[in-house]
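[1] Dropping a prediction and its sequence here:
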Amino acid sequence: MKKYLLIPIILLSLSNVALFGQDTNGKKSVAADRTIKVDYNKSAGDMNAMFKECIGAGRANEGLRADWQQQLAMVKKECDFKYIRMHGLLTDDMAVYKEDNKGNPEYNYQYIDALYDFLLSIKIKPFVELGFMPSALASGTQTIFWWKGNVTPPKDYKKWEDLIRNLTQHFTERYGADEVKTWYFEVWNEPNLSPGFWTGTQEEYFKLYEYTARAIKSVNPAYKVGGPATAGAAWVPETIEFATKNNVPLDFISTHAYGVGQGFLDEFGGSGTVLSKDASSVSGEVINSRKQISSSAKPNLELHYTEWSSSYTPADPIHDSYHSAAYILQKLKQVGNAANSMSYWVFTDIFEEPGPRFTPFHGGFGLLNTQGIKKPAYFSYSFLNKLGETELQNTDTSSWVTKNAKGNVQVLFWDFTYTLPDATNNQQYYIKDLPSKPKGSVKIEVAGLQKGNYKLEIYKVGYKVNDVFTDYLGMNKPNQLTKQQVNTLKEKNNGDPISTETVTIDANGIYKKDFKINENDVLLLNFVKQ
């Protein structure tokens with residue numbers, strides 16, 4: 001496995017501080033007060049809900065577990081993701097492909113059917129990642145992860161094409177063409193990481209892509225196929241150029257970004273990672289990918305970031321930290337309309353790339369830990385899902401204000417502050433109790449409200465509020481949690497409102513209040529018309 005060195009990123013210049021929502025009135029004060037001023041009658045159009053289009057999961061076989069399915073059902077109900085993407089659909093533990101003693105292919109989709117039937121039963125569609133190689137079809141023995149996904153090209157591209165065509169026909173028969181037309185078929189995962197996820201060259205990946213795309217389109221030309229599913233936003237112009245020159249179908253671009261300075265792959269979570277200081281990390285890559293598409297021969301392609309997070313390692317304590325909640329919102333806000341989806345990697349710590357994990361909090365990628373306890377990152381998505389369908393005009397760069405058809409108003413705002421000290425990595429820093437410092441106050445002013453009473457629900461994530469990792473530290477980090485400890489942590493970190501009050505709006509229709517905010521706090525105000 002290739003090792004990637006990490007280098008510190010140069011300090012963010014003060015002119016960029018506003019991007020972090022630390023400064024909305026031009027002052028270089030760390031605790032500058034902010035104002036979020038909106039009018040109920042001044043709409044900015046439909047709220048762009050690209051943040052809940054897709055979510056990641058580790059591998060297909062994990063999706064056959066009861067606890068995984070229970071967690072996903074809760075995540076669907078509270079965060080409402082539309083699609084889910086995972087590795088390993090075709091690996092040996094899914095029992096999809098073998099050959100008889102004459103070399104004739106045998107197909108079996110029982111495990112895939114069990115998984116996809118469940119997904120569709122809870123109204124989540126598959127974002128179908130086609131990989132890795134069944135060992136009976138593989139040209140080599142190189143694998144990745146504890147569960148040994150084979151990362152070699154097929155020994156016979158015609159047999160690969162036949163498998164993909166047969167699988168696509170099977171989906172059509174089982175779920176109907178109208179359903180499968182709404183799916184996305186993505187070819188492989190991070191083929192630019194070689195060795196790693198692919199032992200072949202870029203040219204060999206494009207060959208695999210072509211055989212796969214033609215197989216899918218032979219079943220139904222309306223089915224959507226794309227790639228290159230690369231790490232680090234790579235190969236976007238090259239993929240479009242290849243598809244254009246060779247008249248190969250390409251319906252969307254997919255790629256990945258993580259918020260670290262350098263490196264892409266940390267299979268077993270052994271390297272030290274450093275959260276990038278660059279104010280436009282992740283979002284800058286997304287915006288650049290959109291520019292690459294716009295200036296290409298296929299300027300209208302959809303863009304799907306099918307993996308993203310603060311860090312690409314399954315042992316990074318930032319994933320468990322309260323800092324993650326504000327970070328996620330900051331990045332999604334910066335991306336704006338540049339991506340059709342931003343699929344957070346992943347929804348649960350039931351995730352076995354480095355093998356089954358031995359402790360309840362280990363810096364896993366999940367929004368939930370193995371026991372289904374909600375981490376701060378979870379609430380970024382459950383709060384986003386409470387927003388209304390219409391966005392209001394708003395100049396603040398670290399908030400969304402929305403309304404819904406019932407006349408309710410939602411104000412979601414946060415502070416993202418980079419606090420990682422120089423020459424320190426995430427694994428040394430985010431494992432500690434990290435009290436947050438005050439960042440002044442945020443003045444909320446909503447005009448144009450209808451006269452009458454509103455129930456105001458206030459939700460929050462921050463230091464010691466829906467902050468399970470700090471609670472876990474307070475328990476002295478037990479290696480195993482008792483049933484009682486799990487229940488205690490779930491109850492304390494359930495995301496219920498921290499307060500509820502009645503607000504009376506008079507004839508002038510204005511609500512005004514200052515809210516004190518600390519570093520990396522997230523607040524949601526939900527005004528429910530009575």
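    That came in fine, so what should we check first? Here the structure is a predicted model, which means the values were calculated and not measured.
[2] quick one: the residue positioned nearest the centre of the chain and residue 271, what's the gap?
    Nearest to the geometric centre of the chain sits residue 344, at 0.7 Å (CA atoms, centre = their mean). Relative to residue 271, residue 344 is positioned 21 Å away (CB to CB, to the nearest Å). Where you see a C-beta, it was placed from the backbone N, CA and C, and this is true even at glycine.
[3] Can you give me the distance of residue 386 to residue 51?
    Using CB to CB, residue 386 is found at 12 Å from residue 51.
[4] neighbour count winner among those two?
    Neighbours were counted for residue 386 and for residue 51 using other CB atoms under 10 Å; residue 51 has more, 26 against 18.
[5] is it true that the more buried one touches residue 381?
    Yes - using CB atoms under 8 Å, residue 51 makes contact with residue 381 at a distance of 7.2 Å.
[6] what residue ranges in this protein are flagged as low confidence?
    Across the chain, the ranges flagged by pLDDT under 70 are 1-32, 262-270.
[7] Sketch out the helices for it, chain order is fine.
    Under the criterion DSSP state H, helices of the chain are mapped to 66-79, 110-121, 157-175, 177-180, 202-219, 236-245, 283-294, 323-335, 376-384, 426-429, 468-474, 483-492.
[8] Out of those helices, the one nearest residue 257 is which?
    helix 283-294 (4.3 Å; CB to CB).
[9] now for that closest one, which elements pack on it?
    Where contact means 3 or more CB pairs under 8 Å, 6 or more residues apart in numbering; DSSP states H and E, helix 283-294 is packed against helix 236-245, strand 252-258, strand 302-309, helix 323-335.
[10] Quick one, which of the ones you listed gets closest to residue 419.
    When the helices and strands packed on helix 283-294 are compared by CB to CB, helix 323-335 sits nearest residue 419, at 7.2 Å.
[11] could you check the angle helix 283-294 makes with the closest one?
    Counting by axes from the mean of the first three to the mean of the last three CA atoms, to 10 degrees, helix 323-335 lies at 30 degrees to helix 283-294.
[12] and the gap between the residue lying closest to residue 145 once chain neighbours are set aside and residue 75?
    Spatially, and ignoring its direct neighbours in sequence, residue 145 is nearest to residue 353 (4.4 Å; CB to CB, 6 or more residues apart in numbering). Remark: distance between residue 353 and residue 75 (CB to CB) = 20 Å.
[13] Settle it for me: which of the two has more neighbours?
    residue 75 (26 against 22).
[14] what sits against the more buried one?
    When contacts are counted by CB atoms under 8 Å, 6 or more residues apart in numbering, residue 75 touches 55, 81, 347, 348, 367, 368, 378, 381.
[15] mind checking how far the first one is from residue 80?
    Applying CB to CB, one obtains 10 Å for the distance of residue 55 from residue 80.
[16] Likewise for the fourth one?
    Per CB to CB, residue 348 is found 16 Å from residue 80.
[17] Show me which of those two is the more surrounded one.
    Counted by other CB under 10 Å, residue 348 and residue 80 do not tie: residue 348 has more neighbours, with 24 against 15.
[18] got a list of what that one touches?
    The contact partners of residue 348, taken as CB under 8 Å, 6+ apart, are 57, 58, 68, 71, 72, 75, 366, 367, 368, 369, 370, 372.
[19] Based on its surroundings, how many neighbours for the closest residue to it other than its chain neighbours?
    Of all residues not flanking residue 348 in the chain, residue 366 sits nearest, at 4.3 Å (CB to CB, 6+ apart). Using other CB under 10 Å, residue 366 has 28 other residues around it.
[20] for residue 366, phi and psi?
    Backbone torsions of residue 366, given as degrees, to the nearest 10, read phi -70, psi 150.
[21] do you know how far it is from residue 352?
    Distance, residue 366 to residue 352, using CB to CB: 12 Å.
[22] follow-up on the earlier one: how about the helices and strands packed on helix 283-294, which one is nearest residue 92?
    Of all those, strand 302-309 sits nearest to residue 92, with 23.0 Å by CB to CB.
[23] Got the phi and psi for the residue of the chain positioned farthest from its centre?
    Most distant from the centre of the chain: residue 102, at 44.0 Å, with distances by CA atoms, centre = their mean. According to degrees, to the nearest 10, the main-chain angles of residue 102 amount to phi -100, psi 0.
[24] if we can go back for a sec, which strand residues bridge the residue nearest to the centre of the chain?
    Beta-bridge partners of residue 344, counted by DSSP bridges, are residue 55, residue 308.
[25] quick one: contacts for it?
    Shown in contact with residue 344 (CB under 8 Å, 6+ apart): 55, 56, 308, 309, 328, 367, 377, 381.
[26] Tell me who's in contact with the spatially closest residue to the last one that is not a sequence neighbour.
    The shortest distance from residue 381 to any residue that is not its chain neighbour, by CB to CB, 6+ apart, is 4.1 Å, and that residue is residue 79. Taking CB under 8 Å, 6+ apart as the definition of contact, the neighbours of residue 79 are 52, 55, 367, 378, 381, 382, 384, 385.
[27] and residue 158, how many residues sit next to it?
    Other residues close to residue 158 by other CB under 10 Å number 9.
[28] before we move on, what about residue 397?
    When counting by other CB under 10 Å, one arrives at 16 neighbours for residue 397.
[29] ok, it to residue 334 distance?
    Per CB to CB, residue 397 is found 8 Å from residue 334.
[30] Run a quick check on residue 489 versus residue 467, I expect a contact.
    No - using CB under 8 Å, residue 489 is not in contact with residue 467, being 10.6 Å away.
[31] quick one, which of the two is more surrounded?
    It is residue 467, of residue 489 and residue 467, that has more neighbours when counted by other CB under 10 Å, with 27 against 22.
[32] who does residue 127 bridge with?
    For residue 127, the residues forming beta bridges with it (DSSP bridges) are residue 184.
[33] residues in contact with it?
    Contacts for residue 127 (CB under 8 Å, 6+ apart) come out as 54, 83, 84, 85, 183, 184, 186, 304, 306, 343.
[34] let's go with 7 Å and repeat that
    Applying CB atoms under 7 Å, 6 or more residues apart in numbering to residue 127 gives the contacts 54, 83, 84, 85, 184, 186, 306.
[35] which residue packs closest to the fourth one, ignoring adjacent ones?
    Right, the one you point to is residue 85. Spatial nearest neighbour of residue 85, chain neighbours left out: residue 127 (3.9 Å); criterion: CB to CB, 6+ apart.
[36] roughly how far apart are the one you found and residue 336?
    Using CB to CB, one gets 21 Å for the distance from residue 127 to residue 336.
[37] do the same with residue 500
    Applying CB to CB to residue 500 and residue 336 gives a distance of 32 Å.
[38] Same question for residue 130.
    Residue 130 sits at a distance of 30 Å from residue 336 (criterion: CB to CB).
[39] And those two? Which one has more around it.
    Applying other CB under 10 Å to residue 130 and residue 336 shows that residue 130 carries more neighbours, namely 24 against 13.
[40] Tell me if I'm right that that one and residue 184 touch.
    No - Residue 130 lies out of contact with residue 184 (CB atoms under 7 Å); the separation is 10.7 Å.
[41] got the residue ranges for the strands in the stretch 301-450 of the chain?
    In the stretch 301-450 of the chain, the strands defined using DSSP state E, counting those that start in this stretch lie at 302-309, 341-344, 390-392, 399-403, 409-414, 438-447.
[42] which of the ones you listed sits most buried?
    Sort the strands of the stretch 301-450 of the chain by mean neighbour count, taking mean count of other CB atoms under 10 Å, and strand 341-344 sits at the top with a mean of 26.
[43] And the contacts of stretch 427-438?
    When contacts are defined by CB under 7 Å, 6+ apart, stretch 427-438 is touched by residues 31, 272, 316-318, 321, 323, 420-421, 462-463, 470, 473, 516, 518-521.
[44] switch to 8 Å and redo it
    Under CB under 8 Å, 6+ apart, the answer for stretch 427-438 is 31, 272-273, 315-318, 320-323, 363, 419-421, 462-463, 470, 473-474, 516-521.
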